[in-house]
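Enquirer: With the input below, show me the fold.
(2 chains)
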Amino acid sequence: MRALLFALFALMAAPLAAQDKAPPAPYANVQLEDAALEAQATDLMETLRCLTCQSQSIADSDAPIAGDMRHQVRVRLKAGQSPDEVRDWLVDRYGDYVTYTPQVSSTTWPLFAVPALVIVLVLLVLWRRLRGRKVQEGGGQ
Amino acid sequence: MNRLVYLIPLGVFAFIAGLGGYMLTQTKDEAIPSQMVEKPLPQFDLPPATDGIKGVSRTDLIGGEPKLLNLWASWCPPCIAEAPHLDTLKEAGVPIYGIAMRDTSEDVAAFLANHGNPYVAIGHDEISAIQFELGSSGLPETFVIDGDGVIRYQHIGDIREEHVPMLLELLEQAK
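Expert: The predicted model follows:
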C-alpha cells in the first residue's frame, strides 16, 4: 500500500522534474557580491511580474523563467545599468504588464489623472460651501 | 433635484459592481503580447542545441524569403502537439528556425528522433536570454520574420491545424 502511494506521488512529480532538468542561470539564486547592489536588485525584483505565474513577483516565484529574469536583473545591475533602465528594458518588450510599479503611458495616465481631478473637485466644493457659510454668517449680524 | 445628487455615488457603485460582474463571465486572456512585433530582430548568436545541427544567429534569419522562428523545448508538452503542423509548414517550403529553451543536448536529440525535425537549424538558449529579447513569455511561440529581419507576427501557443493556412498567408504577405 505504502509502495503504491510512493509510486503515485512519484508519477505526479514527473512533469515538474521534466522542466527542472536544466541548471538555473548563474545569478538566478545567487546574490551579488556587492550588498548595496544586491539590495537594489531585490527592490527591483519585488516590483517585476513573473511572466508565467503572473500573480507573483520574480522575487517570489520558483518558476525557471523567474530565475532567468532574476539573473538578467542582477547581471544588468552589475554591468552598471540603473534599476529604471532594467525596468524599461523589460517594459519595452512586454509592455506595462511586466511591472508592478505603474509608469505613465498612453494607457495608464488615468491612474494618475483621476486622483488629482478628485482632489481639485473636492477643493472646489469645499471652497463654495465655506464661502456660502461666510456670506450667511455675515448677513445674520 | 438637489437630493438626486446623493444618488450619484450609488450609481457609480452600481456601475463598477456591474462591470465586475460582467468581467467574471468573460474568459481570461492570459497571453502577454510581445511589444517587439513590427520591430527589427534583436542581436543574437546561439550555439547548436544538439550534435549534428547548426546553431542560429540573427544573420541566418535576415535576407531572402520570410522565415519562421519557433521557440520550443523538449520538456514542453504542447510542443509535441505542434510538431506535425511544423512538418506541414516545412513541406510547404517554409524555412523554420528553432530555439530550444533551457534544454539539454540529449533531450533535444531524443525529441527530434521521436517527433521529427522540421528545422533548418536549432539554437540553444540556456537562460531564456533571447526569449526576453523577443518579448516572449511562454512556450511554444512562433515569430514570422520578413526578409528585412523585421518581426511581423507573434503566434502565442501551439500551432494547430487551423493556424497553418493563416501562417502561410502571413509569410506570403511578408515577402
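
Enquirer: From now on I want contacts and neighbour counts done on CA atoms only, so please keep to that.
Expert: Noted.

Enquirer: Give me the neighbour count for residue B:160.
Expert: By other CA atoms under 10 Å in any protein chain shown, 13 other residues sit near residue B:160.

Enquirer: Likewise for the one 5 residues further on?
Expert: Neighbouring residues of residue B:165 were enumerated by other CA under 10 Å; the total is 11.

Enquirer: Name the helix or strand for it, please.
Expert: Residue B:165 is part of helix B:164-173 when elements are defined by DSSP states H and E.

Enquirer: counting contacts, what elements does that helix pack onto?
Expert: helix B:77-91 (3 or more CA pairs under 8 Å, 6 or more residues apart in numbering or on different chains; DSSP states H and E).

Enquirer: Listing partners with orientation, what would you give for whatever helix or strand comes next after the helix it packs on?
Expert: Sequence-wise, the next helix or strand downstream of helix B:77-91 (DSSP H and E) is strand B:96-101. Using DSSP bridges, strand B:96-101 pairs in its sheet with strand B:67-72 (parallel), strand B:121-125 (parallel).

Enquirer: Any chance of the ones you listed in a markdown table with mean pLDDT and distance to residue B:167 as columns?
Expert: Shown next, in a markdown table, are the strands paired with strand B:96-101 (pLDDT from 0 to 100; distance: least, CA to CA, whole Å):
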| stretch | mean pLDDT | distance to residue B:167 |
| --- | --- | --- |
| strand B:67-72 | 96 | 9 |
| strand B:121-125 | 96 | 20 |
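
Enquirer: With distance to residue B:110 and mean neighbour count added, can I get these in TSV?
Expert: Listed next are the strands paired with strand B:96-101 as TSV, based on distance: least, CA to CA, whole Å; neighbours: other CA atoms under 10 Å in any protein chain shown:
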stretch	distance to residue B:110	mean neighbour count
strand B:67-72	14	24
strand B:121-125	14	23
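
Enquirer: got JSON lines for those strands, with distance to residue B:112 too?
Expert: Below are the strands paired with strand B:96-101 laid out as JSON lines (distance: least, CA to CA, whole Å):
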{"stretch": "strand B:67-72", "distance to residue B:112": "12"}
{"stretch": "strand B:121-125", "distance to residue B:112": "11"}
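
Enquirer: so which of these comes closest to residue A:40?
Expert: strand B:121-125 (26.9 Å; CA to CA).

Enquirer: which residues are in contact with that closest one?
Expert: B:46-50, B:53-57, B:96-103, B:131 (CA atoms under 8 Å, 6 or more residues apart in numbering or on different chains).

Enquirer: Which among the strands paired with strand B:96-101 is found nearest to residue A:42?
Expert: Closest to residue A:42 of the strands paired with strand B:96-101, according to CA to CA: strand B:121-125, at 24.8 Å.

Enquirer: Which residues does the next helix or strand after that closest one contact?
Expert: Once strand B:121-125 ends, the next helix or strand along the chain (criterion: DSSP H and E) is helix B:129-133. For helix B:129-133, contacts defined as CA under 8 Å, 6+ apart pick out A:68, A:72, A:90, A:93, B:42, B:44, B:71, B:125, B:137.

Enquirer: Mind exporting the C-alpha coordinates of helix B:129-133 to PDB?
Expert: The C-alpha trace of helix B:129-133 is given here as PDB (Å, rounded to 0.1, in the frame of the first residue of the first chain):
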ATOM      1  CA  ALA B 129      18.100  35.400 -22.700                       C
ATOM      2  CA  ILE B 130      16.800  35.500 -26.300                       C
ATOM      3  CA  GLN B 131      13.300  34.800 -25.100                       C
ATOM      4  CA  PHE B 132      13.400  38.000 -23.100                       C
ATOM      5  CA  GLU B 133      14.900  39.900 -26.100                       C
END
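
Enquirer: do the helix or strand that that helix is followed by and chain A meet?
Expert: Per DSSP H and E, the first helix or strand lying C-terminal to helix B:129-133 is strand B:141-145. No - judged by CA under 8 Å from any CA of the partner chain, strand B:141-145 stays clear of chain A, getting no closer than 13.3 Å.

Enquirer: check whether whatever helix or strand comes next after strand B:141-145 contacts chain A.
Expert: Downstream of strand B:141-145, the first helix or strand assigned by DSSP H and E is strand B:151-156. No - Strand B:151-156 lies out of reach of chain A by CA under 8 Å from any CA, never closer than 12.5 Å.
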